[in-house]
Structure formats: structure tokens, C-alpha cells
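Q: Fold the following.
(one chain, ligands or ions: 1)
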Amino acid sequence: MKNPNNFNGLKVTSFESRRANEIEKLILYHGGVPRVAPSMREIPLSESKEAIKFAKELIAGNIDMVILMTGVGTRALIKAVSTKFEIKDIKNAIKKTTIVARGPKPVAALRELKLKPKITVPEPNTWRDILSTLTSEATLKGKKVAVQEYGISNTEFISALKKKGAKVTSVPIYKWALPEDIEPLKAAIRGISDSKEDIALFTSSQQIYHLFEVAKKIGSVKKLKHGLKSTVIGSIGPTTSETLYRFGINPDYEPDSPKMGNLIREVARIGAELVNKKRTALKNGVDTNQWQPQDMIWSKSSQKSRKEITHNSVFMKACRLEKTDYTPVWLMRQAGRYMREYRELRANVSFLELCKIPELAAEVTLRAVDRLNVDAAIIFADILLIVEPLGVGLEFSKGEGPRIKRPVRSGKAVDRIKDFNPESLNYVYEALKITRRALDPTKALIGFAGAPFTVASYMIEGGGSKNYENTKGLMYKDPDAWHVMMEKLSLATASYLNNQIQAGADVIQLFDSWVGSLSRDDYKEFVQPHMKELISNIKPGTPVIHFGTGTGALLDLIKESGSQVIGLDWRVDLAKAWKHIGYDKAVMGNLDPVILFSTPSEIRKRTKKILDKGKSRPGFIFNLGHGILPKTPVDNVLALIDYIHEYTQK
Ligand code: CP3
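A: Numbering: from 1, shown residues only. Have a look, this model is predicted:
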């Protein structure tokens with residue numbers, strides 16, 4: 001029985017100190033075997049010389065800007081200076097400076113004194129965020145800046161401020177020391193070094209410094225680093241991850257919101273899978289201290305056995321109407337803006353660049369699978385990439401979606417469509433190759449293309465459309481030109497897809513997203529012949545999923561087009577639609593993507609209804625009724641996938 005959010009007996013080391021008991025309980029609660037090795041001790045400086053010096057300068061009017069890094073530190077600073085000065089004088093003096101708060105915690109501490117910061121740095125507030133906010137909102141040149149510091153000094157931040165011309169004084173308030181008893185820490189280092197621990201969780205940067213400090217003391221830095229190669233590393237958030245990178249170690253998992261509970265729950269969910277992946281990669285000679293998902297190499301065994309494993313995967317079986325142990329699931333647009341991993345990669349490149357750099361496209365594809373634990377990957381690309389080599393011009397402008405530069409609005413324009421050269425999309429095949437190599441063999445890789453009608457609609461309208469006036473206009477007014485265009489697209493698409501299969505796609509999905517806008521008669525006359533031809537030209541043995549929205553009235557005609565699996569949107573009842581199509585076809589669907597904006601319990605309720613309609617028959621794949629929306633909360637998506645696996649497990 002699959003048990004989501006469960007470590008299932010994995011050994012989990014934590015370096016948390018203040019909340020050591022709490023984290024131990026959480027690990028136990030999630031089925032892990034905890035080892036808690038407290039790594040730090042807080043020493044409050046009740047008589048802080050630096051704080052007093054700071055207060056003197058402040059009252060004398062010698063400070064222009066005060067940067068408050070932490071809530072605890074801000075409160076401690078005020079406590080320390082109020083032993084020697086009137087709080088009223090401090091308040092009056094600090095009001096005259098530019099007060100900078102790093103995030104909500106120092107803001108809350110200031111509020112207790114009825115003070116407001118002039119500048120608040122948005123989350124995630126790493127020192128680089130602070131610096132970029134400061135340089136965009138204030139000048140630093142020649143300014144006297146005091147930085148409240150908590151724990152160890154952030155020398156990188158201080159020197160970056162100095163580089164910008166600021167005169168910086170650091171005001172350290174709290175110091176971290178090693179715990180009095182460092183035996184547990186030593187034992188943890190030995191455990192990791194001997195590869196006896198499965199997972200290591202870091203909940204602050206300081207823990208990493210102290211871990212390495214002690215490792216250095218006992219001469220084990222090398223061994224520790226080596227041991228970390230086979231240990232899955234969880235990091236609470238971006239600042240902690242930054243410190244790990246500084247030590248040459250890539251974290252394997254970081255939750256979206258930096259909370260201890262989230263870290264434990266999410267690592268528990270995919271921990272076993274990550275441990276397996278990381279150790280397999282290590283055995284295959286990958287440097288897992290610095291690896292990326294695409295560095296994964298699954299096994300030395302021959303390609304044939306990889307193909308066999310994938311062939312017998314739950315997903316492929318469902319496509320072939322064979323019985324499976326549970327209902328497989330993936331989500332249309334599963335790699336997209338709703339996911340932090342996607343936004344991070346997308347931050348530095350345009351959408352088209354992301355598609356065209358195979359390593360990045362593979363990375364996006366694989367990160368989505370790692371995060372969600374879905375049963376199939378879909379290659380990161382777009383249905384409109386194919387129109388670029390057809391010569392109509394393609395653009396993705398910010399916030400407006402795709403735009404075709406030279407819309408095809410006449411028979412002449414149809415004739416000008418270029419012959420398709422499949423090599424023009426080599427970058428897609430390359431991304432498929434990288435992805436297939438790194439993807440777990442038990443997961444299927446989906447290649448895809450837009451179906452001719454939907455792609456034609458973009459080429460003719462020039463972008464998205466509501467009523468398809470121009471598309472249907474060409475169809476009715478110049479049916480010959482229409483058929484020539486559809487013929488060109490169907491041939492190009494078949495060639496494109498066969499190249500994807502050659503590169504490693506196990507399944508093909510055809511997105512006919514907007515075909516539901518047609519009447520039955522029009523579908524039969526203007527679309528179906530081309531779909532039949534296209535599907536019959538796809539290499540036999542590779543299942544085809546045929547998806548569209550608003551297709552409730554077309555399902556029997558879509559079936560005749562010849563795919564093995566039919567995708568359903570949320571408007572139809574899955575049980576009725578399947579009966580109507582016939583049980584000789586597999587079906588995929590069909591939760592309304594908007595339900596993911598509700599609560600986990602509501603999501604489970606609605607999902608159960610769909611699962612009860614589909615799960616007892618072979619040939620059912622769970623999906624949303626259309627692509628996942630950009631603002632969907634990730635936690636709800638994780639809850640959905642766990643629920644499907646858990647509820648349908650036989
Ligand atoms: O499913 C996946 O994770 C794979 C990637 C994928 C994308 N687009 C990435 C993408 C897939 C399968 C598609 C298919 C696609 N593209 C369809 C058919 C599916 C559907 O939703 O009906 C259509 C109609 C398109 C065309 C398209 N691409 C539009 C209308 C837009 C703009 C709307 C939007 O969501 O931004 C795109 C851009 C696009 N394609 C993005 C992604 C991740 C967003 C780009 C960004 O980062 O800004």
C-alpha cells in the first residue's frame with residue numbers, strides 16, 4: 001500500500017537546535033527514523049559593546065541608514081541599547097535615518113515601537129534581494145550604513161554594500177556558538193560519511209557552517225562531502241540553499257514556502273524516490289554533490305531493457321487497455337508558471353529560448369516530474385513551434401500569449417507556407433533524448449504536437465481567438481485552400497512526431513484544443529480526414545492520445561480518427577463519455593483545473609467522483625480537463641496526485 005508523505009523508515013538527520021524536539025517529532029510522525037544533532041547554541045550579548053557604540057553614533061546623528069536583518073535581532077538590539085539610553089531618544093534618532101527592514105519579521109519588531117521602515121525588502125530576502133532593492137530605491141554612495149547582524153556576519157553582503165560606496169558598520173547582536181556537547185554532531189558526521197544516513201535536513205545557514213567547522217576539527221571534511229553524495233539534502237529555503245552551494249553542495253529539495261513542516265512533509269513524500277535516484281546516479285559516476293536532474297543515468301543495462309521497463313509501466317499499460325496496479329496520472333502543462341522550479345529557470349530566458357535550449361527544456365521537464373511524482377513526463381515545448389519553420393513568424397509577447405507575424409488569410413498565403421524540414425526542430429528531439437536518458441524508466445515520456453485544426457486556427461487568426469471567424473471563413477469560402485493547408489500541416493506534424501518517437505518519446509499527444517468550436521458536419525468534412533491520415537502516419541506501436549476541449553458532441557467522430565486514447569475535458573461526465581466512445585478505447589481526464597484553487601478536501605471529493613467512474617476499468621488515465629493554470633497552488637497539486645495514487649492502489 002502506497003503511503004504518501006511517509007519516509008517509510010528512511011534515516012533522517014536534522015541539525016536544528018532550538019526546535020530540535022519539534023523536528024524530531026515531525027520526522028517520527030512522517031515515518032522516518034530521526035537523528036537530531038543540534039549544531040548551534042545562541043549567546044545573547046546582554047552587554048553588547050557594538051550595540052552601545054551604534055546607539056552613540058545614532059544619537060549623534062552620524063548614521064544615515066539602518067538595515068535590520070531579523071526580528072529577533074532587532075528586538076535584542078533595542079533591549080541592549082535601552083540599558084544605557086532613553087528609548088525615546090533612540091526612537092527619535094532612528095526616525096531620522098532611512099530604516100530598511102529585511103522582510104516582515106523586523107517590520108513586526110519595529111511596529112512594537114510604533115516605527116515604520118522606509119524600505120521593506122520583499123521575499124525571498126537573500127542578501128542579493130536586499131542589495132538590489134536598496135540600489136533601486138536609494139543611493140548608497142557616501143552613506144553611513146549600520147547593519148544589524150544576527151548570528152555570523154554576512155561578509156559578502158557587507159562588502160557588496162561597500163562596493164556601492166557605503167561606509168558600513170556591522171552591529172552584531174547575537175552570536176552563534178557550537179553547542180556545548182558536540183558529540184551528536186560528530187556522530188552525525190560519521191553517519192553521513194559512512195553513507196549510513198538517507199536524508200539530511202538543513203533548516204538554517206548557520207547549521208552548514210557549524211557542520212563543516214566540526215568536520216574540519218575531526219579531519220572529516222572530505223569524507224563528509226563524499227557521504228553527502230549519497231544522502232538526499234533538504235534545504236528549508238533560498239538562503240540556506242545559497243550556503244549549501246557555497247560549500248559545493250546542491251540541495252535536492254527546497255519547498256516553496258520556507259517552513260519546517262513543509263520541508264519535512266514534502267521530503268517525506270518523495271524522499272525514497274530521491275534517495276534511489278541519487279544513489280543510482282552516483283553508482284553511474286555522476287558527481288551528485290553538484291548534479292542536475294538531467295545528469296541522471298539510470299542503468300548500465302542495455303537500451304532494450306530500459307525500453308522493456310517503460311513498456312511495462314503503469315502509464316503505457318493503461319494506454320494499451322491493460323490492467324494496472326493503480327491509476328496513472330499526469331497533468332497537462334505540468335511544467336509551467338505555477339511552479340517555482342519553472343519560474344526560476346524562466347527568470348533569465350524568454351519562453352522561446354527555454355524551448356530552444358535542449359538542456360533547459362529537459363531540466364524543466366524533469367524538475368516537474370521530480371516535484372510532482374507523476375507517472376509521465378511531457379516534453380517541454382509548445383504546439384506552435386512548428387509554425388516557425390513553416391515561415392509565418394512566431395512571437396510570444398509578455399502577458400499576451402502567442403502571436404503569428406504573417407497570418408495566413410488566403411489561398412495565396414496557403415501556397416506560401418514553406419515545406420516542412422523536420423531538422424528545423426532538432427532542438428525538440430535533442431531535449432527528448434536528454435530527458436529520456438535521465439527519466440526514471442518506469443515513467444513514460446510524452447511527445448506532442450498541435451493537431452492541424454488548432455495550429456491552423458493560430459496561423460490564420462494570428463493568435464488566440466474566440467469565434468474563429470477567419471479560420472472558419474477560409475474553410476467555408478475557400479475549401480480547396482483549407483484542405484491544402486490541412487494536408488500540409490498533417491504531413492508536417494506526422495514527420496515531426498515520428499522524429500520525436502525516434503528521439504525517445506514513448507507516447508504521443510495531439511492537442512486539438514479548439515476543435516470543439518466546430519459542428520459535427522464541419523468536423524467530418526474539414527478535419528476528420530486529415531486527422532485519420534495524420535494518426536495513420538504515426539509509427540505503429542506508439543500510443544496516441546487525442547485531446548480537445550468542448551468536444552462532447554464530437555467524441556464518436558474523434559474516436560473514428562483512430563487514436564488509442566481519447567482526452568476528455570471537464571464538461572462531460574466521464575462515465576457517460578466512455579460508454580459513448582466504447583470501452584475499446586482508453587480515456588484520459590477530466591478534473592476541472594479550476595478545482596485546484598479550492599481546498600485539498602474539496603479536491604479529494606471531486607477527484608473521487610471521477611476516479612469512481614474510471615478506475616475499475618482498464619484504460620483510464622487521470623488528468624485535468626485542460627492545462628493547469630498559472631496561479632494554481634502547488635500544495636494542492638501535490639495533494640491531488642497523492643490522493644489519486646493512494647485511492648486507486650489495488
Ligand atoms: O504540458 C507541459 O508541461 C508541456 C509544455 C506545453 C506548453 N504548451 C508550454 C507553455 C504544452 C503541452 C503546451 C501546449 C499548448 N500551447 C497548447 C495546447 C494545450 C492547451 O492548453 O490547450 C496551446 C493552445 C498552446 C499555445 C500557447 N502557448 C498559448 C496560448 C500560450 C500562452 C498562454 C499561457 O499559458 O501563457 C503559450 C505559452 C506557453 N506554453 C507557456 C508554457 C509554459 C507559458 C510561457 C511563459 O513562461 O510565459
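Q: Leaving aside the residues adjacent along the chain, what's closest to residue 131?
A: Spatial nearest neighbour of residue 131, chain neighbours left out: residue 160 (5.4 Å); criterion: CB to CB, 6 or more residues apart in numbering. Glycine gets a C-beta too; all of them are placed from N, C-alpha and C.
Q: In this model residue 130 seems to touch the one you found, though I could be wrong.
A: No. Here residue 160 does not reach residue 130: they are 9.2 Å apart, not a contact under CB atoms under 8 Å.
Q: rewinding a little: doesn't the residue nearest to residue 131 lie inside a strand?
A: No. Secondary structure assignment places residue 160 outside any strand; it is helix (DSSP: H, G, I helix; E, B strand; the rest coil).
Q: sorry, back to before: so residue 160 and residue 130 - more neighbours on which side?
A: Higher neighbour count among residue 160 and residue 130: residue 130, with 24 against 19, using other CB atoms under 10 Å.
Q: Now that one: closest residue in space that isn't a chain neighbour?
A: residue 121 (4.9 Å).
Q: list the contacts for that neighbour?
A: For residue 121, the residues meeting the contact criterion (CB atoms under 8 Å, 6 or more residues apart in numbering) are 100, 101, 102, 103, 129, 130, 133, 134.
Q: Could you rerun that using 7 Å?
A: Taking CB atoms under 7 Å, 6 or more residues apart in numbering as the contact definition, residue 121 lies against 102, 103, 129, 130, 133.
Q: Which ones among these map onto strands?
A: Assignment to strands by DSSP state E places the following of the contacts of residue 121 there: residue 102.
Q: and which of the contacts of residue 121 is nearest residue 385?
A: Each of the contacts of residue 121 was checked against residue 385 using CB to CB; the closest is residue 129, at 34.1 Å.
Q: Show me which residues of this protein sit near the ligand.
A: Taking CB under 6 Å from any ligand atom as the contact definition, the chain meets the ligand at 332-337, 346, 351, 378, 380-384, 396, 401-402, 448, 464, 511, 513, 626-627.
Q: tell me which element residue 74 falls in.
A: When elements are assigned from DSSP states H and E, residue 74 belongs to helix 71-81.
Q: Neighbouring strands of the lengthiest strand in the chain in the sheet, and parallel or not?
A: Identified as the longest strand of the chain according to DSSP E is strand 167-177. Applying DSSP bridges, strand 167-177 is found paired with strand 41-44 (antiparallel), strand 144-150 (parallel).
Q: Would you map the strands across the stretch 201-350 of the chain?
A: Counting by DSSP state E, counting those that start in this stretch, the stretch 201-350 of the chain has these strands, from start to end: 232-235.
Q: do the stretch 1-150 of the chain as well
A: Using DSSP E, counting those that start in this stretch, strands in the stretch 1-150 of the chain cover 11-14, 33-36, 41-44, 65-68, 98-102, 119-121, 144-150.
Q: Now do the first one: which elements does it pack against?
A: Translated: strand 11-14. Taking 3 or more CB pairs under 7 Å, 6 or more residues apart in numbering; DSSP states H and E as the contact definition, the neighbouring helices and strands of strand 11-14 are helix 20-29, strand 33-36, helix 183-193, strand 199-202.
Q: Just send the ones you listed back as a markdown table, with distance to residue 438 too.
A: As requested, those are exported to a markdown table (distance: least, CB to CB, whole Å):
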| stretch | distance to residue 438 |
| --- | --- |
| helix 20-29 | 29 |
| strand 33-36 | 30 |
| helix 183-193 | 25 |
| strand 199-202 | 21 |
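Q: For the strands of the stretch 1-150 of the chain, give me JSON lines that also has mean pLDDT and distance to residue 176.
A: Shown next, in JSON lines, are these (pLDDT from 0 to 100; distance: least, CB to CB, whole Å):
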{"stretch": "strand 11-14", "mean pLDDT": "98", "distance to residue 176": "17"}
{"stretch": "strand 33-36", "mean pLDDT": "96", "distance to residue 176": "17"}
{"stretch": "strand 41-44", "mean pLDDT": "77", "distance to residue 176": "6"}
{"stretch": "strand 65-68", "mean pLDDT": "95", "distance to residue 176": "18"}
{"stretch": "strand 98-102", "mean pLDDT": "93", "distance to residue 176": "18"}
{"stretch": "strand 119-121", "mean pLDDT": "90", "distance to residue 176": "23"}
{"stretch": "strand 144-150", "mean pLDDT": "90", "distance to residue 176": "9"}
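Q: among the ones you listed, which is nearest residue 409?
A: Using CB to CB, these put strand 119-121 closest to residue 409, at 50.5 Å.
Q: and that closest one, which strands flank it?
A: Each strand paired with strand 119-121, and its direction, by DSSP bridges: strand 98-102 (parallel).
Q: Tell me what angle the strand it pairs with forms with helix 71-81.
A: Going by axes from the mean of the first three to the mean of the last three CA atoms, to 10 degrees, strand 98-102 is angled at 140 degrees with respect to helix 71-81.
Q: could you dump stretch 185-200 to CSV, C-alpha only?
A: Presented in CSV, the C-alpha positions along stretch 185-200 are these (Å, rounded to 0.1, in the frame of the first residue of the first chain):
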residue,chain,number,x,y,z
LEU,A,185,27.2,16.4,15.7
LYS,A,186,30.3,14.3,15.4
ALA,A,187,28.2,11.1,15.3
ALA,A,188,26.1,12.6,12.6
ILE,A,189,29.2,13.5,10.5
ARG,A,190,30.4,9.9,10.9
GLY,A,191,26.9,8.6,9.9
ILE,A,192,26.8,10.6,6.8
SER,A,193,30.4,9.9,5.9
ASP,A,194,29.8,6.2,6.1
SER,A,195,26.7,6.6,3.9
LYS,A,196,24.5,5.3,6.8
GLU,A,197,22.1,8.2,6.7
ASP,A,198,19.5,8.6,3.9
ILE,A,199,18.4,12.2,4.3
ALA,A,200,20.0,15.4,5.8
